[in-house]
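>>> Got a predicted structure plus its sequence, pasted below:
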Amino acid sequence: MTAIFAAILYNFGNLIRFSGRETRAQFWPYAIFLFIVQSIVSSAITIPIMVNVFIKAFQFGMQHARTTGGAPMTAADQRAMDQMMQGVYADMGSILTVTTPICTTLFVILLAAAVARRLHDRGMSGYWGLMPLPLTAFSLFTMPQMFAAFATHTVSGGWFAVLLINSLLYFGALILLIVLLAQRGLAGANRFGPAIDWPYSP
């Protein structure tokens, strides 16, 4: 536990230091800590939204229940359901299009310098850490348009194709970056400085 806390405190103390190197033992406890915190915050935001969606769907079902089984939905029911879903998409869009960019930006800011130093330990430029960011920015930029399209029933196959391709490219870039970050640093000095003598290294 001492090593974990030491790594977390070390990285919080070096949030804007992009020079030098960082070992795996310094980097991963901090990165995992940030991921856990972000997951908790995201869950605290999205779970109430999903609960609200289920409540609205249940209330709609109760209000438009049929006394005879198998009765088809009327035009009025369809309009009511469309109105209910538009409200759901509007609520989700108004919350997620604000909170998701904020959480993502904070996560990137807190992790940026550590990623650069970890890549330096591998003898690589810190700019390799930027690989997933254009794809992340594209997702954040298109999210409001996506929710608006859902709310107005104008979602097209092109939307899904673009989002799918972007997601695949994002996960590919993220996996490649994780592989680079997980590899052992170069022995001895490199162009980014001497090897780190981290007392908590395994």
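Now that the structure is in, tell me what you want to look at. Numbering: from 1, shown residues only.
>>> Can you show me the helices along this protein?
2-12, 24-63, 75-121, 133-151, 157-182 (DSSP state H).
>>> what about residue 197, distance to residue 12?
20 Å (CB to CB, to the nearest Å). The way it works is simple: take the backbone N, C-alpha and C, and place the C-beta from them, glycine included.
>>> neighbour count winner among those two?
Neighbours of residue 197 and residue 12, each counted by other CB atoms under 10 Å, are more numerous for residue 12; the result is 12 against 7.
>>> low-scoring stretches of this protein, by residue?
57, 59-96, 147-157, 201-202 (pLDDT under 70).
>>> between the helices of the chain, which one is nearest to residue 192?
helix 75-121 (3.7 Å; CB to CB).
>>> Would you point out which residue is most central in the chain?
Nearest to the geometric centre of the chain sits residue 104, at 5.9 Å (CA atoms, centre = their mean).
>>> Is that residue in contact with residue 135, as I believe?
No. Assessed by CB atoms under 8 Å, residue 104 is found out of contact with residue 135, at 11.7 Å.
>>> Residue 20 contacts residue 119, correct?
No. Residue 20 lies out of contact with residue 119 (CB under 8 Å); the separation is 11.4 Å.
>>> which of those two has more neighbours?
More crowded of residue 20 and residue 119, by other CB under 10 Å: residue 119, with 24 against 15.
>>> if we can go back for a sec, look up how far residue 188 lies from the residue nearest to the centre of the chain.
From residue 104 over to residue 188 (counting by CB to CB), the distance is 36 Å.
>>> What of residue 105?
36 Å.
>>> Out of the two, name the residue with the larger neighbour count.
The neighbour comparison of residue 105 against residue 188 (other CB under 10 Å) goes to residue 105, with 12 against 7.
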